[in-house]
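> How does the following fold in three dimensions:
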Amino acid sequence: MTNKFIYETIDEYLRQFPDNIREQLIILRNLIKSIAPEAKEIISWGMPTFYYHGNLVHFAANKNHIGFYPGADCVELFINDLGPYKHSKGAIQFPYGIDIPSHIIREIVLYRMNTNINKHFQK
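Prediction:
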């Protein structure tokens, strides 16, 4: 869904999408920011990324869904909570036109924050 333009900010990334898709991406972005207000917003792997003592989560617009990329450990850990959402080793798909499942996002982001903090302070 994205072109080959190199984005420097999440705002630049979001501007390329039609209003309906951009709105869902902004909802997800704001949800993550509310859970992890200390996380830095960056572009990594060409995707909006939240960074907190390491990569926290990525997200991206795809043809028919928003891809949410918390990593393979999170998908495996939360697999029973994903219900109808398609998923793969490190990704969860949220189809366009549905509400972003804030309870799942919240649990995953909090888990990732704790994991990153533990890794950071074990060094």
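> Which neighbouring elements make contact with the strand ranked longest in the chain?
The strand that spans the most residues within the chain, counting by DSSP state E, is strand 55-61. Under the contact criterion of 3 or more CB pairs under 8 Å, 6 or more residues apart in numbering; DSSP states H and E, strand 55-61 touches helix 19-35, strand 47-51, strand 65-69, helix 102-122. Heads up, the C-betas are built off the backbone N, CA and C, glycines and all.
> Parallel or antiparallel, which strands does it pair with?
Strand 55-61 pairs in its sheet with strand 47-51 (antiparallel), strand 65-69 (antiparallel), by DSSP bridges.
> Please tell me how far the last one is from the chain's geometric centre.
The offset between the C-alpha centroid of strand 65-69 and the centroid of the whole chain comes to 7 Å, using CA atoms, centre = their mean, to the nearest Å.
> Could you do the first one as well?
Between the mean C-alpha location of strand 47-51 and the chain-wide mean there is a distance of 7 Å, by CA atoms, centre = their mean.
> Stretch 85-96 too?
Stretch 85-96 has its average C-alpha position 11 Å from the chain's average C-alpha position, going by CA atoms, centre = their mean.
> And it, what's buried?
Along stretch 85-96, the positions that meet the burial threshold by neighbour count (16 or more other CB atoms under 10 Å) are Gly90, Ala91, Ile92, Phe94.
> Can I get that stretch in CSV? Just the C-alpha atoms.
Listed next in CSV are the C-alpha coordinates belonging to stretch 85-96 (Å, rounded to 0.1, in the frame of the first residue of the first chain):
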residue,chain,number,x,y,z
TYR,A,85,-7.9,-11.4,13.9
LYS,A,86,-5.6,-13.1,11.4
HIS,A,87,-2.1,-13.4,12.6
SER,A,88,1.3,-14.8,11.6
LYS,A,89,4.5,-15.3,13.4
GLY,A,90,5.1,-11.6,14.4
ALA,A,91,2.0,-9.8,13.0
ILE,A,92,-1.6,-9.2,13.7
GLN,A,93,-4.1,-8.0,11.1
PHE,A,94,-6.9,-5.5,11.9
PRO,A,95,-9.2,-5.2,8.9
TYR,A,96,-10.3,-1.8,7.8
